[in-house]
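K.L.:
any chance you can model this:
(chains A, B and C)
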Amino acid sequence: MRETGRGIILRTNAKFMVPFILLWGLYVLTHGTSGPGGGFQAGVVLAAGFILYAVVFGLEDTQKIFPFKVVLVIASLGVSIYAWIGVFAIVCGGNFLEYGKIPLAHEAAESSKLGIEMVEIGIGLTVMAIMLSIFYTFVQRGD
Amino acid sequence: MILLVDIILLAIAIVLASRAIFTRDILEATVLFAGYSFLLAVIWFELRSVDVSFTEAAVGAGVSTILLVAAIALTLRHEEEEEKSVFRNYFAVIACITFFMVLAFGLPDLPKIGDPNAPQNLHVVPRYIKGSYEESGVINIVTAILANYRGYDTLGEVTVIFTAGISVLLLLRRVLK
Amino acid sequence: MLDVIDVILTKYNYIIYMSLMTLGLYGMIGKSNLIKKLIGMSVFQYSIFLFYISIADVEGGIAPILVEREVTYTNPLPHVLILTAIVVAVSTLAVGLSLVIRIYREFGSVDENKILMRLKDD
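P.N.:
Below you'll find the predicted structure:
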């Protein structure tokens, strides 16, 4: 019982901090265009939230929340979102990754901003999933 | 750059980096390396590069330290070779001194720090700064360059991260659950 | 002689970056423990990032986020390059560490000279 958890101070603090870390990571992801932040920072912060939970509460509990196969699917999903938005821009008449031609808003600058935000979500998902999967691989106990 | 703060921070950086490399306990080296990364994040914040400082604090002092500690837990904590003085590694010391001399040879040509007319601030950067709101619609210039002007590079970079994750899986995964 | 002193006084920060790079290089080639080599590689990489970010500084500039009034901004282009490079550096560290773990499982040692001796015996 002692192997998969830590003392009462660590467990209470982690229970308190992890939701705020994940919420803040989501904030950084969606506000990448109007302040410091963006995809890479948000991906690492979200992964750090899950890693904190895994360090304090054990790997099995974390894998019940976020199984390894789901992590791999999310990693592939992030890269695919980025690449397919680029191809979608070609379909709408522009060059590869030219967000201005996607008909999401009236002006090209607005469409560009929405395209950037969608691409940042893709980047954030991939970075978070890969950091988490590297962590899972390093601390696994599959014998 | 405020001069005194700058000198103190850089001096602490050199002390941390040298102690991290010359110690024989690898866990101590890891903790000092985490301190070095975070100190670098503070220096970059003082240089007003907020995005980079944010990323470095999260990545260097966070994820990178966890990975090193996990790797030490799976291998050994102390160095195995017996104590040798620095000057026994002739080749390494001579190579490092040569490297320093070659770099110092180019030192007078480097631009003065903070010069607004230095060549790196001139050719394409004013267009990026101007076009960040007009063409891309965002007010964070770094995000506009990253996702719009240099978006193709960022796609390649996300692929590099993905490939690194797959390589780690290929090397270490024992049982695919 | 006088302009050497002049160069040293005005460009002292470049000299500090060069010393950090040299420390990292010594860690990579002078130490025989594999994990210490990887730490040296990371110190080297971070000192190069420090060099890039420091040349992006503009006198009296503010952080590169657009504001209403007329100001000068610090050069955002090196920030973008280094942002990419930081995450790539941690990915490289992860792959390097997994290689070291596999080598340890195979040879029972993380010291370069012992591994070479074991390879010679086989």
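
K.L.:
count the neighbours of residue 12 for me.
P.N.:
Unless you meant another one, I'm taking chain A. A total of 11 residues lie near A:Thr12 under the criterion other Cβ atoms under 10 Å in any protein chain shown. (C-beta placed from N, C-alpha, C; glycine too.)

K.L.:
that's the wrong chain, I wanted chain C
P.N.:
12.

K.L.:
wait, what's in contact with it?
P.N.:
Neighbour list for C:Tyr12: B:Ile7 [criterion: Cβ atoms under 8 Å, 6 or more residues apart in numbering or on different chains].

K.L.:
can you list the buried residues in stretch A:98-110?
P.N.:
Neighbour counts over stretch A:98-110 (16 or more other Cβ atoms under 10 Å in any protein chain shown) mark A:Glu98, A:Tyr99, A:Gly100, A:Lys101, A:Ile102, A:Ala108, A:Ala109 as buried.

K.L.:
let me know the closest of those to chain C.
P.N.:
Of all the buried residues of stretch A:98-110, chain C sits closest to A:Ala109, with 12.9 Å by Cβ to the nearest Cβ.

K.L.:
am I right that that closest one sits in a helix?
P.N.:
Yes. Assessed by DSSP: H, G, I helix; E, B strand; the rest coil, A:Ala109 belongs to a helix.

K.L.:
on that earlier part again, for A:Val119, state which of the buried residues of stretch A:98-110 is nearest.
P.N.:
Using Cβ to Cβ, A:Tyr99 is the member of these that lies nearest A:Val119, at 7.9 Å.

K.L.:
need the helices for chain A, in chain order.
P.N.:
A:8-30, A:39-57, A:59-65, A:68-91, A:108-138 (DSSP state H).

K.L.:
just put those helices in CSV and tack on mean pLDDT.
P.N.:
Shown next, in CSV, are the helices of chain A (pLDDT from 0 to 100):
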stretch, mean pLDDT
helix A:8-30, 92
helix A:39-57, 92
helix A:59-65, 87
helix A:68-91, 91
helix A:108-138, 90
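
K.L.:
just the buried positions in the helix or strand B:Leu170 falls within, please.
P.N.:
In the assignment (DSSP states H and E), B:Leu170 maps to helix B:151-172. Across helix B:151-172, burial judged by 16+ other Cβ under 10 Å covers B:151, B:154-155, B:157-158, B:161-162, B:164-169, B:172.

K.L.:
other SSEs contacting that helix?
P.N.:
Judged by 3 or more Cβ pairs under 8 Å, 6 or more residues apart in numbering or on different chains; DSSP states H and E, the packing partners of helix B:151-172 are helix A:68-91, helix A:108-138, helix C:77-107.

K.L.:
what is the burial count for B:Pro111?
P.N.:
Neighbours of B:Pro111 (other Cβ under 10 Å): 13.

K.L.:
give me the pLDDT for it.
P.N.:
In this model, B:Pro111 is scored at 81, pLDDT.

K.L.:
could you do A:Gly142 as well?
P.N.:
The predicted local confidence for A:Gly142 is 57.

K.L.:
chain A versus the residue lying closest to B:Val124 once chain neighbours are set aside, what's the distance?
P.N.:
Excluding its sequence neighbours, the residue lying closest to B:Val124 (Cβ to Cβ, 6 or more residues apart in numbering or on different chains) is C:Leu77, at 7.4 Å. C:Leu77 sits 16 Å away from chain A, going by Cβ to the nearest Cβ, to the nearest Å.

K.L.:
what residue in chain C comes nearest to chain A?
P.N.:
C:Ala94 (4.9 Å).

K.L.:
hmm, that residue is touching B:Leu67, no?
P.N.:
Yes. Judged on Cβ atoms under 8 Å, C:Ala94 makes contact with B:Leu67 at a distance of 5.6 Å.

K.L.:
so the two - more neighbours on which side?
P.N.:
C:Ala94 (29 against 24).

K.L.:
tell me, how many neighbours does the nearest residue to the more buried one once chain neighbours are set aside end up with?
P.N.:
Spatial nearest neighbour of C:Ala94, excluding adjacent residues (Cβ to Cβ, 6+ apart): A:Ile134 at 4.9 Å. The number of residues packed near A:Ile134 is 30, by other Cβ under 10 Å.

K.L.:
what do you get for B:Ala92?
P.N.:
18.
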